[in-house]
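**Student:** Got a predicted structure here, sequence first:
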Amino acid sequence: MQAQALDYTKYTLLIVDDNPTNLSVLFDYLSAYGFRILVAPDGETGIRRAKQARPDLILLDVMLPGINGFETCARLKADQDTREIPVIFMTALASTEDKVRGLEAGAVDYVTKPIQQAEVLARITTHLRIRDLTQSLRDANAHILRLNRELEDKVRERTAELRRAYELLERLDRKKSDLITLISHELRTPLTIFLGYAQILQQVEEVQHNRFLAEIAEKITNNAQRLQDLVQAMLEVSRIDQEFLRLSPGPVHLNQLLAHIHESLLPILTQRHLTLTCEALDQLHVIEADYDELVKVFEHVIGNAIKYTPDGGRITVSGQNLTQDGEPWVEIVVSDTGIGIDPGSLELIFTKFYTTGEINLHSTSKTRFKGGGLGLGLTLARGIVEAHGGRIWAESTGYDEATCPGSRFHILLPVHFKGQSA
Ligand code: ADP
């Protein structure tokens with residue numbers, strides 16, 4: 001690749017030489033190429049000129065009156081203002097020692113006298129090119145450094161913004177939790193009274209003997225019961241949020257616990273033509289856990305399997321003992337042949353009030369196909385499992401109501417309790 005020709009008119013050269021003939025020859029030759037030429041007859045004047053005019057290159061004679069060329073060069077290199085200016089020595093001395101001295105004093109090159117004009121021009125051109133390239137590299141470097149600094153400033157700004165947004169969200173979340181707790185507390189007492197009266201109403205003889213009234217009383221009771229369950233779930237979630245969940249651990253036989261839940265679900269399973277199979281649960285370790293809280297976990301997870309599996313489907317609960325980090329664990333997997341879960345929602349379903357069901361199907365039956373709830377069941381389940389030191393997660397290849405790919409919920413619990421006791 002051919003280097004681009006230099007535009008010599010852009011450059012200023014300083015020639016330091018006490019020999020007028022030499023000076024005028026170089027002056028004439030180089031000005032003819034367009035260079036701006038400055039001259040100095042001795043080292044001291046040369047240094048002064050260089051400081052004032054900042055030439056692009058200096059041609060420096062070695063033998064000068066007063067301080068010699070080596071000394072002049074060393075002083076130019078020691079000065080912040082002139083140290084970057086390339087210096088080419090002009091030496092009549094052909095000895096290697098002098099060339100080395102010149103280079104040691106900070107020169108970039110030398111030419112020997114008598115000066116060959118073409119050679120001097122070639123060397124000047126080379127060193128101006130190198131100087132320009134060095135300058136561009138330095139500029140590019142400075143630019144990158146500036147960009148880097150700007151980027152760092154931006155990242156710092158964004159981090160601060162994110163922190164502010166996060167703090168705001170946290171405050172809002174706390175406010176939401178407080179509000180939920182407040183509302184739930186306020187609703188609890190009237191609801192209990194409401195439910196109590198509805199149940200009394202169901203016992204009244206006149207109501208029992210009147211089908212219409214009996215149906216109304218039953219509907220009031222069922223819905224009041226459902227409302228009470230929701231309020232209870234909201235209270236439990238806010239307790240988990242505020243880390244108030246205290247557990248009472250004791251020995252738990254998971255096969256018995258799950259058999260209990262299975263039994264209580266038999267009428268619903270029959271009604272929905274669903275089969276629930278428990279596999280390999282009797283060989284599971286007895287674990288240290290809060291029985292009542294674990295019942296809620298499995299009621300929610302198996303309840304969901306029922307809700308999101310169409311009639312005629314299958315639900316399987318299987319278990320296995322595991323060792324992780326040298327400690328014993330048990331894993332229960334609840335799988336179903338239901339509508340499945342979109343991979344993008346597998347984590348979201350554990351967040352508060354997250355539900356993919358249609359809102360108008362909510363607050364209907366707890367067991368009806370796709371009869372969604374408030375979106376608190378899995379939040380509660382995760383809160384309880386994690387309070388035990390365990391883990392819960394969902395797996396599914398996708399959501400499809402036509403092909404029903406199914407879902408699998410894994411619940412991993414430590415055999416030795418790892419949570420906080422009451
Ligand atoms: P919900 O009260 O809406 O059932 P959950 O917290 O129990 O709330 O569940 C959150 C969402 O997770 C549900 O709305 C549903 O979309 C999805 N989901 C939970 N379990 C299953 C399952 N077994 N199959 C398909 N989707 C499920």
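**Tutor:** That came through fine.
**Student:** buried sites along stretch 334-345?
**Tutor:** Along stretch 334-345, the positions that meet the burial threshold by neighbour count (16 or more other CB atoms under 10 Å) are Val334, Ser335, Asp336, Thr337, Gly338, Ile339, Gly340, Ile341, Ser345. From N, CA and C alone the C-beta is placed, and that goes for glycine too.
**Student:** Return the distance of Thr403 relative to the ligand.
**Tutor:** Thr403 sits at a distance of 13 Å from the ligand (criterion: CB to the nearest ligand atom, to the nearest Å).
**Student:** now swap in Thr397 and tell me
**Tutor:** Relative to the ligand, Thr397 is positioned 12 Å away (criterion: CB to the nearest ligand atom).
**Student:** now do Phe194
**Tutor:** According to CB to the nearest ligand atom, Phe194 stands 22 Å off from the ligand.
**Student:** so that residue makes contact with Ala224?
**Tutor:** Yes: contact criterion CB atoms under 8 Å: Phe194 and Ala224 qualify, at 5.1 Å.
**Student:** what's the neighbour count on the residue in the stretch 101-250 of the chain positioned nearest to the ligand?
**Tutor:** With CB to the nearest ligand atom as the measure, Ala233 is the residue of the stretch 101-250 of the chain nearest to the ligand, at 8.5 Å. Applying other CB atoms under 10 Å, we find 20 other residues in the vicinity of Ala233.
**Student:** Just want the phi and psi numbers for it.
**Tutor:** As for Ala233, its main-chain torsions (degrees, to the nearest 10) stand at phi -60, psi -40.
**Student:** I figured Cys73 was touching Asp109, is that so?
**Tutor:** No: no contact is recorded between Cys73 and Asp109 when judged using CB under 8 Å, the distance being 11.8 Å.
**Student:** If you count surrounding residues, which of the two has more?
**Tutor:** Cys73 (27 against 17).
**Student:** Helix or strand: which one has the more buried one?
**Tutor:** Counting by DSSP states H and E, the element that carries Cys73 is helix 69-78.
**Student:** quick revisit: what touches both of Cys73 and Asp109?
**Tutor:** Overlap of the contact sets of Cys73 and Asp109 (by CB atoms under 8 Å, 6 or more residues apart in numbering) consists of Phe89.
**Student:** elements contacting the helix holding Cys73?
**Tutor:** Under the contact criterion of 3 or more CB pairs under 8 Å, 6 or more residues apart in numbering; DSSP states H and E, the helices and strands touching helix 69-78 comprise helix 43-53, strand 57-61, strand 87-91, helix 96-104.
**Student:** again, 10 Å this time
**Tutor:** For helix 69-78, the packing partners by 3 or more CB pairs under 10 Å, 6 or more residues apart in numbering; DSSP states H and E come out as strand 12-16, helix 43-53, strand 57-61, strand 87-91, helix 96-104.
**Student:** Report the buried residues of whichever helix or strand comes after the last one.
**Tutor:** Right, helix 96-104. Per DSSP H and E, helix 96-104 leads on to strand 109-112 as the next helix or strand towards the C-terminus. Residues Asp109, Tyr110, Val111 are the ones in strand 109-112 that count as buried (16+ other CB under 10 Å).
**Student:** my read: Ile392 touches Leu346, true?
**Tutor:** No: judged on CB atoms under 10 Å, Ile392 makes no contact with Leu346 at a distance of 11.5 Å.
**Student:** Contact residues of this structure facing the ligand?
**Tutor:** Applying CB under 6 Å from any ligand atom, one finds that the chain approaches the ligand through 300, 304-305, 308, 336, 338-341, 349, 354-357, 372-379, 407.
**Student:** Can you tell me which of the helices and strands packed on helix 69-78 is most buried?
**Tutor:** Here the criterion is mean neighbour count by mean count of other CB atoms under 10 Å, and of the helices and strands packed on helix 69-78 the winner is strand 57-61, at a mean of 26.
**Student:** now it: mean pLDDT?
**Tutor:** Averaging pLDDT along strand 57-61 gives 96.
**Student:** Could you do stretch 182-192 as well?
**Tutor:** Along stretch 182-192, the predicted local confidence has a mean pLDDT of 87.
**Student:** Kindly report the same for stretch 334-349.
**Tutor:** In this model, stretch 334-349 carries a mean pLDDT of 96.
**Student:** how about low-confidence regions in the chain?
**Tutor:** When the per-residue scores of the chain are filtered using pLDDT under 70, the ranges that remain are 1-4, 93-94, 243, 356-367, 372, 422.
**Student:** By residue count, which helix of it is the longest?
**Tutor:** Ranked by number of residues, the top helix in the chain under DSSP state H is helix 117-203.
**Student:** Following that helix in sequence, what is the next regular element?
**Tutor:** Counting by DSSP H and E, the element that comes right after helix 117-203 along the chain is helix 205-208.
**Student:** what comes into contact with that following helix?
**Tutor:** Ile200, Leu201, Gln202, Leu213, Ala214, Glu215, Ile216, Ala217, Glu218 (CB atoms under 10 Å, 6 or more residues apart in numbering).
**Student:** Could you check how many residues crowd around the nearest residue to the residue of the stretch 101-250 of the chain closest to the ligand once chain neighbours are set aside?
**Tutor:** Distances taken as CB to CB, 6 or more residues apart in numbering put Leu376 closest to Ala233, at 4.6 Å, once the chain neighbours are dropped. Using other CB under 10 Å, the number of residues around Leu376 comes to 22.
**Student:** Am I right that Leu376 is in contact with Lys352?
**Tutor:** Yes: with contacts counted by CB under 10 Å, Leu376 reaches Lys352, the gap being 6.6 Å.
**Student:** Overlap in contacts, these two.
**Tutor:** When contacts are counted by CB under 10 Å, 6+ apart, Leu376 and Lys352 are jointly contacted by Ile180, Met234, Val237, Ile240, Gly383.
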